[in-house]
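[1] Generate coordinates for the sequence data below:
(one chain, ligands or ions: 2)
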Amino acid sequence: MPTVIACKGVSKHFLIGVNRMPSLKSKFIGVFKPQYRDQIRELWALRDIDLEIQAGESVGIIGPNGSGKSTLFKLIGGILRPTHGTVVTEGRIAPMIELGVGFHNEMTGLENIYLNTSYYGMSRKQTNAILDDIVEFSELGEFVGTPIKNYSTGMVMRLGFSIAIHTAPDILLVDEILAVGDKDFREKCLARMTELQRSGRTFVMVSHDAHEVRRMCARAILLWQGRILADGPSDEVVDRYESLNTKDSVLGMLSQPETQAVGGP
Ligand SMILES: Nc1ncnc2c1ncn2[C@@H]1O[C@H](COP(=O)(O)OP(=O)(O)OP(=O)(O)O)[C@@H](O)[C@H]1O
Ligand SMILES: [Mg+2]
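    Ligands and ions are numbered 1, 2, ... in the order given. The predicted structure follows:
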């Protein structure tokens, strides 16, 4: 099978502000006394990631909070650029990474469908052909006529997911958004994703639900503080993850206050 996602030596660096004295008073003092202002700390959200995903694979990305899963998705989806390394993808990607991204709050559900499909390069005529299916799958009924700002979180997810799967993507990236769906809708989404897998689409998901990863993905990749700790059959990788102590792992990403060097990973 051809490779559809290839990450080579990928690292992603962020600079983040950390307040040394997080009280309101010290924030005020910081305005006049620069030595008490927030300091900048550096963070390598991903380090030296080598990864290949073949067409038709179903892959689960797992790991503790802050381990770099969403950052990896944003790099694959072309939303962020790597600091080092290269990300090459083949085919059309439907990135379902953050709820509501790509939606306009003041526009109705229907208007947002046309807006979103245009991002996927679809014409109005092409959208008309799938419009009813999108609305029906979302089960939003008359709500499609109201502005998105009046939607609940799960309703936004329903619309986003329905649009994405009906645009027939080659690669589907799903980052935890299903977590906000109710039981029946999640089940329906998982069934639809299984159909997509069977039709040869590539499917990569981030989930904190071990059962979901075992069920949906043949392969899993465990990220730990921005690095790949394990990559293999999902049962084995999920077992490995469950045996780890994730307490405090999120803080391991930050540089120490003294070390301000901005070097490689
Ligand atoms: N735009 C940004 N600017 C600065 N730091 C960021 C940015 N995006 C992510 N980070 C940092 O990168 C690290 C990885 O974040 P990421 O969102 O990829 O984690 P995650 O594995 O998806 O976590 P979660 O399970 O909580 O969703 C975190 O420490 C986070 O603070
Ligand atoms: Mg995330």
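
[2] For V87, give its distance to V4.
    Noted for V87: a distance of 12 Å to V4, by CB to CB, to the nearest Å. Any C-beta I mention is one placed from the backbone N, CA and C, and that applies to glycine too.

[3] From the neighbour counts alone, determine which of the two ranks first.
    Using other CB atoms under 10 Å, the more surrounded residue of V87 and V4 is V4, with 22 against 19.

[4] So for that one, what's the pLDDT?
    What the model reports for V4 is a pLDDT of 97.

[5] Give me the spatial nearest neighbour of it, chain neighbours excluded.
    Nearest residue to V4 in three dimensions, chain neighbours excluded: E90, at 4.4 Å (CB to CB, 6 or more residues apart in numbering).

[6] tally of neighbours for that neighbour?
    Applying other CB under 10 Å, we find 14 residues neighbouring E90.

[7] Let me know the pLDDT of it.
    For E90, the pLDDT comes out at 95.

[8] quick one, phi psi at it?
    As for E90, its main-chain torsions (degrees, to the nearest 10) stand at phi -130, psi 120.

[9] low pLDDT regions in this structure?
    18-24, 26-30, 33-38, 251-265 (pLDDT under 70).

[10] Now do the strands in it.
    Counting by DSSP state E, the chain has strands at residues 3-18, 39-54, 58-62, 84-89, 93-96, 171-175, 202-206, 219-224, 227-233.

[11] now the ones you listed as CSV including distance to ligand 1?
    Below are those laid out as CSV (distance: least, CB to the nearest ligand atom, whole Å):
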stretch, distance to ligand 1
strand 3-18, 3
strand 39-54, 3
strand 58-62, 8
strand 84-89, 14
strand 93-96, 14
strand 171-175, 7
strand 202-206, 7
strand 219-224, 6
strand 227-233, 12
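
[12] and these as a markdown table, adding distance to S123?
    Listed next are those as a markdown table, based on distance: least, CB to CB, whole Å:
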| stretch | distance to S123 |
| --- | --- |
| strand 3-18 | 25 |
| strand 39-54 | 30 |
| strand 58-62 | 31 |
| strand 84-89 | 23 |
| strand 93-96 | 17 |
| strand 171-175 | 22 |
| strand 202-206 | 25 |
| strand 219-224 | 36 |
| strand 227-233 | 40 |
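
[13] Pull the contacting residues for the closest residue to M205 other than its chain neighbours.
    Computed as CB to CB, 6+ apart, the closest residue to M205 that is not its neighbour in sequence is V174, at 4.4 Å. Going by CB atoms under 8 Å, 6 or more residues apart in numbering, V174 touches M96, M193, F203, V204, M205, V206.

[14] This completes my enquiry, with thanks.
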